[in-house]
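Undergrad: could you work out the structure for the sequence below:
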Amino acid sequence: MALPETGPEIREGEVLDVLLDGRLKVLQKKRGYRFSVDALLLAHFVRLRRGDRLADLGTGCGVLPLLLAGRRPGVRAVGVELQAELADLARRNVVLNDLAGRIEIVPGDVRNIGFLLPRGSFDAVVSNPPYRRVRSGRINPDGEKAAARHEIRGTIEDFVRAARFLLKPDGRAFFIYAAVRSVEILARMRAAGIEPKRLRLVHDDRDVPGAFALIEGRRGGGEGLKVEPPLFLREGGGYTEETKRLFAELAPAIP
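TA: Numbering: from 1, shown residues only. Predicted coordinates for the structure are as follows:
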């Protein structure tokens, strides 16, 4: 089955998802790795300026560069992805959304970032890295899901070091990470010279502990962390009004 006109082919085991009021089209695996709400949360949290050069570490199917390049027309992005099939999927998603001139997908391992991209060449780095230690919980039998969830092919230290390598002086790094491991990522960032500057916890509901931490850091920044009000995703079985506004603000930015 192929998309209408000149669109990329939908291959066996893939599905085309149309999101954000039809403005974002994403090819994904039916049973492999699929992005979730955390990617949307991070995209909304990120602050970019016109003309910024952005790197996404562990881009998966490319959803973060698609969202962020769409929000800021002058932004150019590079997505780094270790898994070859996902990197190919990301390339096709870039074409599908008419962003081939502004987004590049680079196959490779963030642990070898110096062989992939030049040092100090990005204004901003974003990442939705694996949240779980290798020896914590059940490892998913699906290889793509396992690598996305557990630190099989890179720890949080590896992702933070790669971000530090890529950032220009005063450049910004944006992460979403498991709230329960917030102390570790904040410590890793400071040790790498990326000072945490902004933090927001995300809760699935008002009466449950935080699920995610959204974090912004600045390379070479001074001490001082702004802790923003928490975001509650759901209440009474549905999305909160703030969550609905968040999704609505993402949608118009996509071409």
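
Undergrad: pLDDT weak spots in the chain?
TA: Counting by pLDDT under 70, the chain shows low-confidence ranges at 1-8, 132-153, 252-255.

Undergrad: ok, which stretches of it are strands?
TA: Listed in chain order, the strands of the chain (DSSP state E) span residues 14-19, 24-29, 53-57, 76-81, 103-107, 122-127, 167-178, 194-203, 210-219, 226-227, 231-232, 234-235, 238-239.

Undergrad: can you list the residues that contact the second one?
TA: Looking back up the chat, that one is strand 24-29. 8, 10, 13-19, 34-35, 61-63, 66-67, 70, 89, 92-93, 96-97, 144, 251, 254 (CB atoms under 8 Å, 6 or more residues apart in numbering). Quick note: C-beta positions are derived from backbone N, CA and C, even for glycine.

Undergrad: how big is the angle separating that strand from strand 14-19?
TA: Angle of strand 24-29 versus strand 14-19, following axes from the mean of the first three to the mean of the last three CA atoms, to 10 degrees, is 150 degrees.

Undergrad: before we move on, the earlier item: what's the closest of the strands of the chain to residue 158?
TA: strand 53-57 (9.1 Å; CB to CB).

Undergrad: and the contacts of the closest one?
TA: With contact meaning CB under 8 Å, 6+ apart, strand 53-57 is reached by 48, 62, 64-65, 68-69, 75-80, 110, 113, 117, 121-127, 129, 159, 162-163, 166.

Undergrad: quick one: residue 164 and residue 220 touch, right?
TA: No. In this structure, residue 164 is not within contact of residue 220 by CB atoms under 8 Å, at 9.9 Å.

Undergrad: what packs against the lengthiest helix in the chain?
TA: Counting residues, the longest helix in the chain under DSSP state H turns out to be helix 84-96. Identification of packing neighbours for helix 84-96 by 3 or more CB pairs under 8 Å, 6 or more residues apart in numbering; DSSP states H and E yields strand 24-29, helix 63-71, strand 76-81, strand 103-107.

Undergrad: span of stretch 12-22 from start to end?
TA: 23 Å (CA to CA, to the nearest Å).

Undergrad: off-centre distance for that stretch?
TA: 18 Å (CA atoms, centre = their mean, to the nearest Å).

Undergrad: appreciated, that's everything.
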